[in-house]
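A.B. asks: Need a 3D model of the sequence below.
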Amino acid sequence: MNRLFEISRRSLSTYQAALNVTSHNISNANNPYYSRQKVSVTAQPMEGVGSRFQGSGSQLGNIERIKDTVLVQNLQMNNYGKSYADKMKDNLSRAELYFTEPGELGLSSRIGAFFNSWKELSVNPASTSARQSVVSSSESLISKFSEINEGLFLQKKDTVLEAKGLASDVNAKLNQIRTLNEQIYTTEGNGGNASDLMDSRDEVVNDLSKLVNITVYTDERNISNISIGGVFAVDINFVTEFEIVEQNNQLIYRTKDDGSIPSVKGGALGATLETFNTKLPNYKQQIDEIAKSIYDNVNALHSTGYTLTDPPATSINFFTNYGEGVFKLNDQIKADVKMIAASGNGQAGSNTISSSISSLRDQKILNNSTLEEIYGSIMGELAGEISVQEQDSETFELAINQLEAQITEKSGVSLDEEMVNIINFQRSYEASARLIQIADEMLQTILGIMQ
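C.D. replies: Prediction:
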């Protein structure tokens with residue numbers, strides 16, 4: 001009789017635990033990072049009764065966490081791909097704003113206005129208003145070059161701060177993962193179920209994969225070992241601290257202890273580093289080349305001409321103080337427009353120099369192209385890169401949506417399935433309770449006979 005009561009007790013305990021797991025699944029049905037838990041009921045070991053072995057009831061088997069690691073790894077790869085594309089698109093779009101193209105305020109329009117003013121001056125070289133127009137268009141052009149350079153400079157400063165912030169976020173998440181690794185190991189070592197802790201770790205790892213490209217290996221102890229760009233980052237015992245340093249006008253992402261440099265090719269941090277190290281310097285260099293070409297070619301012609309002063313002066317540079325794409329209009333010319341050397345022979349009616357400067361617009365004076373062709377190519381390259389990143393982002397997003405749907409199908413909670421389990425476990429629980437009732441009735445009958 002005692003065996004009957006014990007078997008019934010074990011059965012009640014087993015199905016109560018099974019109902020708890022199923023209820024836990026249902027309560028997390030809308031949790032995107034929750035992995036469905038599957039409970040199994042197994043037989044208790046046989047027990048010897050006299051010379052025979054008899055069954056001893058049921059017990060709760062393993063609580064299995066349903067997770068497809070291949071799908072998760074693919075999701076992580078697409079995460080850092082999409083985050084890279086989104087961040088790079090944002091960075092390039094910000095850089096594009098400084099050029100204000102297309103429009104009258106853009107550099108293309110101001111280059112055109114500059115050479116047009118020289119063309120108008122060549123029609124009437126002695127005209128004060130035409131000369132003043134040259135000064136105005138020149139200052140407008142200089143201002144735009146300065147505005148672009150200042151914008152790109154400020155963006156680089158902001159990029160440094162942003163990279164350091166992202167590196168700090170990476171370090172924080174690595175520390176969270178190490179803590180969760182330890183908690184998972186301790187929980188399972190004590191015979192507990194660490195499924196919820198593993199879900200929490202997956203959420204942190206998923207967020208980390210949006211910041212930087214990672215490789216994750218989960219060992220037989222359910223410990224996640226993570227590397228960033230080929231450099232060890234975290235396991236259960238150690239966590240690597242990374243930092244951003246600036247060397248030779250380059251941002252370096254490295255380990256703080258020994259200076260190891262991971263190969264960061266993805267995520268928001270990867271895009272931020274590439275923006276600072278490659279993209280912004282590339283566009284600044286190309287704009288500087290246009291500025292230097294205008295500076296050199298205009299000065300080369302202007303210095304051979306003669307001013308409208310009495311007596312005429314020569315060897316006067318139109319622009320001064322060039323440095324990294326920024327320059328000034330000669331102070332002498334700003335003070336007196338007669339210092340503009342439009343004449344090629346010192347006579348007031350000569351337009352040789354103003355005409356030659358005007359014709360620079362149509363000459364292939366930079367990389368076998370006109371200035372406007374070069375500038376158009378730069379703007380086309382920038383717009384093309386933004387478009388590519390937008391397309392990449394859409395492609396990655398489509399892949400992510402498909403992977404998340406597959407993960408949900410595999411690991412997510414089906415309310416219909418869980419309700420069926422609830423009914424099955426409830427019926428088993430009720431049957432176990434009924435078994436106790438039957439055992440009690442049998443006991444009462446025996447006691448009645450004995451009385």
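A.B. asks: And for residue 160, the neighbour number?
C.D. replies: By other CB atoms under 10 Å, the residues close to residue 160 number 14. Yep, even glycine has a C-beta here, placed from its N, CA and C like the rest.
A.B. asks: ok, it touching residue 273?
C.D. replies: No - using CB atoms under 8 Å, residue 160 is not in contact with residue 273; the gap is 10.3 Å.
A.B. asks: Now do the shared contacts for these two.
C.D. replies: residue 251 (CB atoms under 8 Å, 6 or more residues apart in numbering).
A.B. asks: Endpoint to endpoint, stretch 120-134 covers what distance?
C.D. replies: 9 Å (CA to CA, to the nearest Å).
A.B. asks: Tell me which residues are up against that stretch.
C.D. replies: 117-118, 308, 337-338, 340, 342-343, 348-351, 354-355, 358.
A.B. asks: average pLDDT for stretch 310-323?
C.D. replies: The average pLDDT for stretch 310-323 rounds to 95.
A.B. asks: sorry, that was for stretch 33-49
C.D. replies: pLDDT averaged over stretch 33-49 gives 76.
A.B. asks: What of stretch 158-173?
C.D. replies: Mean per-residue pLDDT for stretch 158-173: 97.
A.B. asks: contact partners of that stretch?
C.D. replies: So stretch 158-173 is contacted by 91, 204-205, 207-208, 211-212, 228, 241-244, 246, 251, 253, 268-269, 272-273, 275-276, 280 (CB under 8 Å, 6+ apart).
A.B. asks: What subset of the contacts of stretch 120-134 is buried?
C.D. replies: Buried residues within the contacts of stretch 120-134, counting neighbours by 16 or more other CB atoms under 10 Å: 117-118, 308, 337-338, 340, 342-343, 350-351, 354-355, 358.
A.B. asks: Relative to residue 328, which of the residues you listed is nearest.
C.D. replies: residue 340 (15.1 Å; CB to CB).
A.B. asks: Contacts only, for the closest one.
C.D. replies: By CB under 8 Å, 6+ apart, the contact set of residue 340 is 121, 131, 134-135, 302, 307-308, 318, 333, 354.
A.B. asks: Residue 141 versus that one, what's the distance?
C.D. replies: As judged by CB to CB, to the nearest Å, residue 340 and residue 141 stand 15 Å apart.
A.B. asks: just residue 382 next, same as before
C.D. replies: In terms of CB to CB, residue 382 sits 20 Å off from residue 141.
A.B. asks: neighbour count winner among these two?
C.D. replies: residue 141 (24 against 20).
A.B. asks: before we move on, the earlier item: for PyMOL, write the selection for the buried entries among the contacts of stretch 158-173.
C.D. replies: In PyMOL syntax, the buried subset of these is picked out as below (16+ other CB under 10 Å):
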select buried, resi 91+204+205+208+211+212+228+242+244+251+253+268+269+272+273+275+276+280
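A.B. asks: low-confidence ranges in the stretch 351-451 of the chain?
C.D. replies: For the stretch 351-451 of the chain, the stretches with pLDDT under 70 are 440, 443, 447, 451.
A.B. asks: Around residue 302, how many other residues sit close by?
C.D. replies: Counted with other CB under 10 Å, residue 302 comes out at 26.
A.B. asks: Backbone dihedrals for the closest residue to it other than its chain neighbours, both of them.
C.D. replies: Leaving aside its chain neighbours, residue 302 sits nearest to residue 318 (4.0 Å; criterion: CB to CB, 6 or more residues apart in numbering). Main-chain torsions, residue 318, degrees, to the nearest 10: phi -80, psi -40.
A.B. asks: how about low-confidence regions in the stretch 101-250 of the chain?
C.D. replies: Using pLDDT under 70, nothing in the stretch 101-250 of the chain is flagged.
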